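Colleague: no sequence for this one, just the structure:
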């Protein structure tokens, strides 16, 4: 499998962190790869970007409890049905983030996956990072990280990129991936969805 991140600076910034992500590999994955290629051809060279498209469901900072966290993620994923991902627009997160994204439709399966993980984690003391209430969370795939652009350049590229996507690429994702960063290396474990267990 292609790693999610390969840029050295990005890997360094992720050291000691863990994530639960979905990897689109069919229609949404193909759309992502082509859209990212077009953007990278147009943008200034050298901007960091994911090596592979992914939908982040949760982030953690538990470098000393990776095994316990992985077990919790497995149990949570087992209670989750496969998840539909639908791209509805090319958009961007504003400064200071300045990230071009493929924004996803808030499908019932996607919102329930986020909400159920929140409920499952409420009884744990794992340190979560970047978490927002469901109503505020934007489901997306990051395309290019543009924080190095000036304000004017960022606004210009956002205007040139932002658009609705129709017909909407759609796919059903049947597994999550538990990703952790340690020693400057990305580690990944595939976690099937829907095995009938739950997190207690």
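Modeller: Noted; the coordinates are in hand. The structure displayed is predicted, hence computed values, not measured ones.
Colleague: Going by C-alpha atoms from here, please, whenever you check contacts or count neighbours.
Modeller: OK.
Colleague: Could you measure from the residue of the chain most remote from its centre over to residue 113?
Modeller: Most distant residue from the mean C-alpha position of the chain: residue 152, 26.8 Å away (CA atoms, centre = their mean). From residue 152 across to residue 113, the span is 37 Å (CA to CA, to the nearest Å).
Colleague: Strands of the chain, start to end?
Modeller: 18-22, 55-60, 83-93, 99-104, 128-129, 140-145, 163-164, 170-173, 175-182, 185-192 (DSSP state E).
Colleague: picking that back up, quick check: pLDDT value at the residue farthest from the centre of the chain.
Modeller: Listed pLDDT for residue 152 reads 97.
Colleague: One more: residue 195?
Modeller: So residue 195 comes in at 64 (pLDDT).
Colleague: Give me the buried positions along stretch 29-46.
Modeller: By neighbour count on 16 or more other CA atoms under 10 Å, the buried set for stretch 29-46 is 29, 31, 32, 35, 36, 39, 40.
Colleague: Return the residues in contact with the fifth one.
Modeller: Read it as residue 36. By CA atoms under 8 Å, 6 or more residues apart in numbering, the contact set of residue 36 is 143, 144.
Colleague: who's residue 177 bridged to?
Modeller: Listed beta-bridge partners, residue 177: residue 21, residue 190 (assigned using DSSP bridges).
Colleague: pretty sure it contacts residue 20?
Modeller: Yes - between residue 177 and residue 20 there is a contact at 5.7 Å, judged by CA atoms under 8 Å.
Colleague: Straight-line length of stretch 49-60, end to end?
Modeller: Terminal-residue distance, stretch 49-60 (CA to CA): 21 Å.
Colleague: what sits against residue 7?
Modeller: With CA under 8 Å, 6+ apart, residue 7 has these contacts: 48, 49.
Colleague: let's see it at 10 Å
Modeller: By CA atoms under 10 Å, 6 or more residues apart in numbering, the residues touching residue 7 are 47, 48, 49, 50, 51.
Colleague: What's the separation between it and residue 194?
Modeller: With distances taken as CA to CA, residue 7 is found 33 Å from residue 194.
Colleague: returning to that earlier point: which residues do residue 177 and residue 20 both contact?
Modeller: Shared contacts of residue 177 and residue 20, counting by CA under 10 Å, 6+ apart, come down to 54, 56, 73, 77, 188, 189, 190, 191.
Colleague: Fine by me, we can end here.
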